[in-house]
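Peer 1: Sequence plus predicted model, see below.
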Amino acid sequence: MEPPDARAGLLWLALLLAGHSGAQAEVHVSVPPLVEALQGELITLDCKPREHPDHYVLEWLLVDASGSRHHLASVEPQGSELLRTVHNSRGRSPPYQLDSRGRLVIDNAQVGDERDYVCVVKAGSEGTSEATSSVRVFAIPEATEVMPNKGTLSVMDEFAQEIATCSSRNGNPVPQITWYRNGQRLDVPVEMNTKGYMTSRTVREASGLYSLTSSLYLRLYKEDRDARFHCASHYKLPSNEHGRLDSPTFHITLHYPTENVEFWLGSPSTTEGWVREGDAVQLLCQGDGSPSPEYSFFRIQGPQEEQLNVSLNGSFTLEGVYRNQSGIYGCRVEDYDAGEDVQLVKKLELHVAYLDPLLLTVPEEFSVPLNSSGTVVNCSATGLPAPAVRWTKDSVTLTNGPKLSLDSVTFDSAGTYTCEASTPIVPLLSRTRSFQLMVQGPPEIKPNEIKPISGNSWTEGDEVMLTCSARGYPEPKLTWSQRGDTPAEPPFEGKGWRSSSLMVKVTSALSREGVSCEASNIHGKIDHVFHFGSVAPQTAQAGVAVMAVAVSVGLLLLVVAAFYCMRRKGRPACCRRAEKGAPPAREPEMSHSGSDRPEQTGLLMGGPSGGRGASGGFGDEC
């Protein structure tokens, strides 16, 4: 049984509430009405009374899908601190939390957290107030995938056909899918029709995320054979932002009948349809239908068609084509879906160009007399198309046409003549044939110019190289009037010339006679004499040399005599006797010390102890 005071208080409170029924509470709560976040982010819900009452209790409630409220947490001031309590996280992981300011923290936000969260503030006598905050969680879908129709779609079908299916998985809220052709958006309805439409299907995954698939159907035309298709997923983001994920582009395999056929010759044919004999020739046929039809090649032989080959790639090769394969060839496209007015057979004419070996009316080595005229050489060239002929010598064109006239023949006319036959409209189809012309005749001679080594005249003993050149046919022989000629040198004046050189010393006799060079062959001979003019002698130079030698010998004798006299300086008497012609007096003493030595005396006096007699001793020499 309750005490009387308690019952009185409850009665007073009931009367107070009844008297103020319908009146608004004095306390007010401030919360954000809408909170948006991406999946996985941290959400913080703030709630606080505006009036700052002395004491209050703040509670967080969760409103589920059925509208029921569930108590999550509460906050109550305790002095300067807040008493924070999480009562029930309803199995959420990680659980709800309260921060130091009493805010409700939702970590790693998921789609399941999209709820209304109610904040209730109870301030006792100041009243009770609440406010609701709605949470929205956005999830970016996975990469957009597209699955094209792998089959062959036909333009012959008059109804819309499935092009592809596009998928956008695990997004929130549900994304939207759009279709594009060549970068342009396709505005197709969702209602089925013959021109085009699309269908969509949305699936809510176990995670609470949404997956969307869309299929595109279109009526197709030939212009779609190269079209690029793709789809895009459009999704929402917080703050009214949007995102887009495009799929890879793809092409479809389209079947359409042949409307045009082309038939032509592959390389190396010319624009006029000529090919060279021996080449491999390609016949190329191409229809514009898809898939590629079957091609059959044939050749017209009179009224009949000779079947050649059947190909799937429209190519047929004639290996090593020869001249009798010229004629009319055809290609037939086997396309049974083509219209009746489409020309599926095309023909062309093949021209095989050829050029036979050239024939000359002269042998490969041909000789004519010097100064002759009227010789004609003919070059016969047969081929198809008709070849053009020209004659050349040393790469210089002499005449156009098959005939070559040799008139006023000189030794310069000798050489190699070439007949060239070619077909201008068929590149690289050409032949050549050459012959060697030799000119029969007596030799011509050409000496080199000689000049004195110094000055305007030759000197006895000068050496000079004489060179003589000759030409003719048969090749002339070169001989000299003097012996010692060097071997023949290579021609230096052009083809047909040969040379010989001779080293000689100039003498007066050679100047009078000269040196002769002779060139000869079976047709004759010709010579040339080298003259030296006046030749200066070498006498003055020899006298000067003899005088120089004599002076040198005299000076040498004087030096020897002076040296000898200096050696004999210790015997003046000897020199005096030699001058007077009488023998000197005998000197008994030869030593300053007064002691005579017989050996020395005898030596100095020329006695028998070692000196010479009067007839041959040193005493008679000076």
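Peer 2: That came in fine, so what should we check first? Given the structure is predicted, the values throughout are model-derived calculations rather than measurements.

Peer 1: what's Ser154 in contact with, if anything?
Peer 2: Contact partners of Ser154, counting by C-beta atoms under 8 Å, 6 or more residues apart in numbering, are 161, 220, 254-256. No exception for glycine: its C-beta is placed from N, CA and C like everyone else's.

Peer 1: mind redoing it with 6 Å?
Peer 2: Neighbouring residues of Ser154 by C-beta atoms under 6 Å, 6 or more residues apart in numbering: His255.

Peer 1: Which strand residues bridge it?
Peer 2: Under DSSP bridges, the beta-bridge partners of Ser154 are His255.

Peer 1: So for it, what pLDDT did the model give?
Peer 2: Ser154 is assigned a pLDDT of 94 by the prediction.

Peer 1: what about the residue nearest in space to the middle of the chain, distance to Pro427?
Peer 2: Nearest residue to the geometric centre of the chain (C-alpha atoms, centre = their mean): Ser267, 26.2 Å. Distance, Ser267 to Pro427, by C-beta to C-beta, to the nearest Å: 11 Å.

Peer 1: same check, this time on Ala338
Peer 2: From Ala338 to Pro427 the distance is 38 Å (C-beta to C-beta).

Peer 1: higher neighbour count, those two?
Peer 2: Ala338 (20 against 12; other C-beta atoms under 10 Å).

Peer 1: Can you tell me the strand partners of the longest strand anywhere in the chain and which way each runs?
Peer 2: Assignment by DSSP state E gives strand 430-447 as the longest strand of the chain. When pairing is defined by DSSP bridges, strand 430-447 lines up against strand 365-369 (parallel), strand 415-422 (antiparallel), strand 463-473 (antiparallel).

Peer 1: His55 is nearest to which of those strands?
Peer 2: Closest to His55 of those, according to C-beta to C-beta: strand 415-422, at 118.1 Å.

Peer 1: Flag every buried residue along the closest one.
Peer 2: 417-422 (16 or more other C-beta atoms under 10 Å).

Peer 1: Name the nearest of these relative to Ala227.
Peer 2: Ser422 (51.4 Å).

Peer 1: Ala381 is in contact with Trp391, isn't it?
Peer 2: No - judged on C-beta atoms under 6 Å, Ala381 makes no contact with Trp391 at a distance of 11.7 Å.

Peer 1: Kindly export stretch 555-569 (C-alpha atoms) in PDB.
Peer 2: Below are the C-alpha coordinates for stretch 555-569, written out as PDB (Å, rounded to 0.1, in the frame of the first residue of the first chain):
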ATOM      1  CA  LEU A 555     146.200  21.700 -97.900                       C
ATOM      2  CA  LEU A 556     146.500  18.300 -96.400                       C
ATOM      3  CA  LEU A 557     150.200  18.000 -97.300                       C
ATOM      4  CA  LEU A 558     151.000  21.400 -95.700                       C
ATOM      5  CA  VAL A 559     149.300  20.300 -92.500                       C
ATOM      6  CA  VAL A 560     151.300  17.000 -92.400                       C
ATOM      7  CA  ALA A 561     154.700  18.900 -93.100                       C
ATOM      8  CA  ALA A 562     154.000  21.400 -90.300                       C
ATOM      9  CA  PHE A 563     153.200  18.600 -87.800                       C
ATOM     10  CA  TYR A 564     156.400  16.800 -88.800                       C
ATOM     11  CA  CYS A 565     158.600  19.900 -88.200                       C
ATOM     12  CA  MET A 566     157.000  20.400 -84.800                       C
ATOM     13  CA  ARG A 567     158.000  16.800 -83.900                       C
ATOM     14  CA  ARG A 568     161.600  17.500 -85.000                       C
ATOM     15  CA  LYS A 569     161.900  20.800 -83.200                       C
END
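
Peer 1: Which residues does that stretch contact?
Peer 2: Outside stretch 555-569, not a single residue reaches it (C-beta under 6 Å, 6+ apart).

Peer 1: How much space separates Arg92 from Gly102?
Peer 2: As judged by C-beta to C-beta, Arg92 and Gly102 stand 19 Å apart.

Peer 1: one step back: ok, the helix or strand just after the longest strand of the chain: who's next to it in the sheet?
Peer 2: Downstream of strand 430-447, the next assigned helix or strand under DSSP states H and E is strand 458-459. Using DSSP bridges, strand 458-459 pairs in its sheet with strand 535-536 (parallel).

Peer 1: what about the strand it pairs with, distance to the chain center?
Peer 2: Distance, stretch centre to chain centre, for strand 535-536: 73 Å (C-alpha atoms, centre = their mean, to the nearest Å).

Peer 1: Quick check: mean pLDDT of it?
Peer 2: Here the average pLDDT along strand 535-536 is 80.

Peer 1: Other residues contacting that strand?
Peer 2: 457-460, 506, 508, 511.

Peer 1: Give me the neighbour count for Leu254.
Peer 2: 19.

Peer 1: how much space is there between it and Pro303?
Peer 2: Noted for Leu254: a distance of 40 Å to Pro303, by C-beta to C-beta.

Peer 1: Equivalent analysis for Tyr354, please.
Peer 2: 27 Å.

Peer 1: Show me the common contact partners of Ser267 and Pro427, please.
Peer 2: Shared contacts of Ser267 and Pro427 (C-beta under 6 Å, 6+ apart): none.

Peer 1: In contact with the residue lying closest to Pro53 once chain neighbours are set aside, which residues?
Peer 2: Distances taken as C-beta to C-beta, 6 or more residues apart in numbering place Ala123 nearest to Pro53, at 4.0 Å, with adjacent residues excluded. Neighbouring residues of Ala123 by C-beta under 6 Å, 6+ apart: 27, 53, 56.

Peer 1: What distance do you get for Ala123 to Pro424?
Peer 2: 112 Å.

Peer 1: List the buried residues of stretch 256-272.
Peer 2: For stretch 256-272, using 16+ other C-beta under 10 Å, the buried residues are 256-258, 261, 263, 265, 269-270.

Peer 1: neighbouring contacts of that stretch?
Peer 2: 155, 222, 275, 282, 284-290, 331, 333, 335, 337-338, 342, 344, 346, 348, 425.

Peer 1: how about low-confidence regions in the stretch 1-150 of the chain?
Peer 2: Scanning the stretch 1-150 of the chain for pLDDT under 70 picks out 1-25.

Peer 1: again, 80 this time
Peer 2: 1-27, 51-54 (pLDDT under 80).

Peer 1: all helices for it, in order.
Peer 2: 4-19 (DSSP state H, counting those that start in this stretch).

Peer 1: All the strands of it, residue numbers only.
Peer 2: Ranges of strands in the stretch 1-150 of the chain, per DSSP state E, counting those that start in this stretch, are 29-30, 34-38, 43-45, 48-49, 57-63, 69-78, 81-86, 97-98, 104-106, 116-122, 128-138, 145-148.

Peer 1: Need those in JSON lines (columns: distance to Asn521 and mean neighbour count).
Peer 2: Shown next, in JSON lines, are the strands of the stretch 1-150 of the chain (distance: least, C-beta to C-beta, whole Å; neighbours: other C-beta atoms under 10 Å):
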{"stretch": "strand 29-30", "distance to Asn521": "134", "mean neighbour count": "18"}
{"stretch": "strand 34-38", "distance to Asn521": "112", "mean neighbour count": "16"}
{"stretch": "strand 43-45", "distance to Asn521": "121", "mean neighbour count": "17"}
{"stretch": "strand 48-49", "distance to Asn521": "135", "mean neighbour count": "18"}
{"stretch": "strand 57-63", "distance to Asn521": "132", "mean neighbour count": "20"}
{"stretch": "strand 69-78", "distance to Asn521": "133", "mean neighbour count": "16"}
{"stretch": "strand 81-86", "distance to Asn521": "133", "mean neighbour count": "14"}
{"stretch": "strand 97-98", "distance to Asn521": "127", "mean neighbour count": "18"}
{"stretch": "strand 104-106", "distance to Asn521": "123", "mean neighbour count": "21"}
{"stretch": "strand 116-122", "distance to Asn521": "130", "mean neighbour count": "21"}
{"stretch": "strand 128-138", "distance to Asn521": "113", "mean neighbour count": "18"}
{"stretch": "strand 145-148", "distance to Asn521": "93", "mean neighbour count": "18"}
